[in-house]
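Participant: predicted structure and sequence below. I'll ask about it afterward.
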Amino acid sequence: MQEAEIAACELSTRTKFVHLALNGGDGTPDIRVLFNLKRRARGKALPKPFSAMAGGFATYLGTNKSSRKTAQALADPRCALYYEDTRDFEGLTLYGRLEPVEDRAEKAALWKKGWEMYYPGGIDGGDFQVFRFVPNRGRYYHGLQVVEFEARA
């Protein structure tokens, strides 16, 4: 892995949010912001569900099953993720696809206390949808340099 790819991977674990771009169905991109579940607390290891993904660009995304973005992702799983550090003029776009996760153990490992306010009924309440992002390429920007690369999971 090149130095820029290592920096890009690090960026994907330190930002609080990630932007998700999906096909809006009419050919228009539809973008929204989600919590970055892969965010690493300072000095700590990756959250447990991500331990097998260390050093790669795969991730998980959580949202409402009843949301427009879930319908869009199921209809067309191609997507892009964007991570940014505006203080350091650093950005990472990852291109890939979303795969729905139905395994309860995987979903439970991602669940955070307090999410009941977003997902009534909790993990089993029917409205908590998890997707696994499977990357295929990336584009990293920092210090007036742009590096494109094949992104491994």
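Facilitator: Right, received. Where do you want to start?

Participant: when you work out contacts or count neighbours from here on, use the C-alpha atoms and nothing else.
Facilitator: Noted.

Participant: what's the helix or strand where Arg32 lies in contact with?
Facilitator: Applying DSSP states H and E as the criterion places Arg32 in strand 29-35. For strand 29-35, contacts defined as CA atoms under 8 Å, 6 or more residues apart in numbering pick out Lys16, Phe17, Val18, His19, Leu20, Ala21, Leu22, Asn23, Gly24, Leu61, Gly62, Thr63.

Participant: output those residues in a markdown table; the columns should cover secondary structure, neighbour count and distance to Phe35.
Facilitator: Below are the contacts of strand 29-35 laid out as a markdown table (DSSP: H, G, I helix; E, B strand; the rest coil; neighbours: other CA atoms under 10 Å; distance: CA to CA, whole Å):
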| residue | secondary structure | neighbour count | distance to Phe35 |
| --- | --- | --- | --- |
| Lys16 | coil | 17 | 6 |
| Phe17 | strand | 18 | 5 |
| Val18 | strand | 22 | 6 |
| His19 | strand | 16 | 9 |
| Leu20 | strand | 20 | 10 |
| Ala21 | strand | 19 | 14 |
| Leu22 | strand | 23 | 16 |
| Asn23 | strand | 19 | 20 |
| Gly24 | coil | 17 | 20 |
| Leu61 | strand | 21 | 8 |
| Gly62 | strand | 19 | 8 |
| Thr63 | strand | 18 | 9 |
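
Participant: can I get the strand holding Arg32 as PDB, trimmed to CA atoms?
Facilitator: Extracted in PDB, the C-alpha atoms of strand 29-35 (Å, rounded to 0.1, in the frame of the first residue of the first chain):
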ATOM      1  CA  PRO A  29     -27.000  11.800  -7.700                       C
ATOM      2  CA  ASP A  30     -28.600  11.900  -4.200                       C
ATOM      3  CA  ILE A  31     -26.100  12.700  -1.300                       C
ATOM      4  CA  ARG A  32     -26.600  12.600   2.400                       C
ATOM      5  CA  VAL A  33     -24.400  12.500   5.500                       C
ATOM      6  CA  LEU A  34     -24.200   9.500   7.900                       C
ATOM      7  CA  PHE A  35     -22.300   8.800  11.100                       C
END
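
Participant: now the angle from it to strand 17-23?
Facilitator: Strand 29-35 runs at 150 degrees relative to strand 17-23, counting by axes from the mean of the first three to the mean of the last three CA atoms, to 10 degrees.
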